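Enquirer: Model the structure of this input:
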Amino acid sequence: MKTFFQTLLLATSLIFTGLAFADPSPYTQAGFDNLQKAGKSILVEVHAPWCPTCRAQAPIVNELLKKKDYQAITVLRVDFDGQKEVLKAFNVSKQSTLIVFKGTKEMGRSTGDTNPASIETLIQKAI
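Expert: A predicted model of the protein is given here:
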């Protein structure tokens with residue numbers, strides 16, 4: 001239990017100092033709300049471990065987020081199988097959906113895209 005709270009504290013401090021994770025953080029409503037209130041750039045990634053498209057998207061997104069222009073984007077991963085209430089809230093019916101936000105405003109979304117150029121175009125909308 002102590003490790004959980006230490007991890008939560010570290011994650012919260014990184015979010016509020018503006019650092020982004022290279023790997024996605026699990027989606028939580030509180031984390032998403034805090035990022036939105038702070039006006040941060042957010043990529044919500046609807047993912048299923050069994051989904052080949054999701055597995056193809058992950059390295060593309062990771063490589064793009066290494067670029068200097070995109071390092072301030074925080075990635076939150078929604079578990080397609082386990083977070084059905086979040087899917088409803090985002091009006092998402094398919095895994096491999098990417099949604100970008102700038103603060104509280106949704107800037108764009110795509111589903112099933114594995115083209116690096118079009119994923120980058122989507123990510124640019126969050127800046």
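Enquirer: could you dump stretch 104-114 to CSV, C-alpha only?
Expert: Provided in CSV are the C-alpha atoms of stretch 104-114 (Å, rounded to 0.1, in the frame of the first residue of the first chain):
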residue,chain,number,x,y,z
THR,A,104,-10.9,21.3,-21.5
LYS,A,105,-11.3,21.4,-25.3
GLU,A,106,-11.3,18.3,-27.4
MET,A,107,-9.1,19.1,-30.4
GLY,A,108,-9.5,15.9,-32.5
ARG,A,109,-9.8,12.1,-32.5
SER,A,110,-9.1,9.2,-34.7
THR,A,111,-9.8,5.5,-34.6
GLY,A,112,-7.8,2.6,-36.0
ASP,A,113,-5.1,4.9,-37.5
THR,A,114,-1.6,3.5,-37.8
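Enquirer: Now find how far off-centre that stretch is within its chain.
Expert: How far stretch 104-114 lies from its chain's middle: 10 Å, per C-alpha atoms, centre = their mean, to the nearest Å.
Enquirer: mind listing what's buried in it?
Expert: M107, R109, S110, D113 (16 or more other C-beta atoms under 10 Å). Where C-beta positions appear, they are placed from N, C-alpha and C, glycine not excepted.
Enquirer: The first one is in contact with K125, isn't it?
Expert: Right, the one you point to is M107. Yes. Counting by C-beta atoms under 8 Å, K125 is a contact partner of M107 at 3.9 Å.
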